[in-house]
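Participant: one predicted model, sequence on top.
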Amino acid sequence: MSDWREEWRESNRANWDERIPVHTSGQFYDIEGFKAGDGMSADCRATNVPENPLSYPERS
């Protein structure tokens, strides 16, 4: 990737990573229910969702 694209990707990722605690700390989103697949068809169930949402592995 060119330098500007890598900078943009890192900046965009940091921006989204900053938003995670807002969405996972409240009760608006049922994180445990989401991980368990509550209210979803089998095709849409979450897989490989980490216990700590801040621990997502680096994306390539």
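Facilitator: Perfect, I can see it now.

Participant: the bottom helix or strand of this structure by mean pLDDT?
Facilitator: One helix or strand of the chain scores below all others by mean pLDDT, DSSP states H and E: helix 31-36, with a mean of 78.

Participant: what comes up buried for that helix?
Facilitator: Buried residues in helix 31-36, defined by neighbour count with 16 or more other Cβ atoms under 10 Å: residue 31. Using the backbone N, CA and C atoms, a C-beta is placed for each residue, glycine as well.

Participant: CA atoms only for it, dumped as CSV, please.
Facilitator: Presented in CSV, the C-alpha positions along helix 31-36 are these (Å, rounded to 0.1, in the frame of the first residue of the first chain):
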residue,chain,number,x,y,z
ILE,A,31,-23.3,-7.9,23.4
GLU,A,32,-23.8,-11.2,25.2
GLY,A,33,-27.0,-11.9,23.3
PHE,A,34,-25.3,-11.0,20.1
LYS,A,35,-22.5,-13.4,20.8
ALA,A,36,-25.0,-16.1,21.7
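
Participant: helices along the protein, start to end?
Facilitator: Using DSSP state H, the helices of the chain run over 3-25, 31-36.

Participant: so of those, which one's packed in deepest?
Facilitator: helix 31-36 (a mean of 13; mean count of other Cβ atoms under 10 Å).
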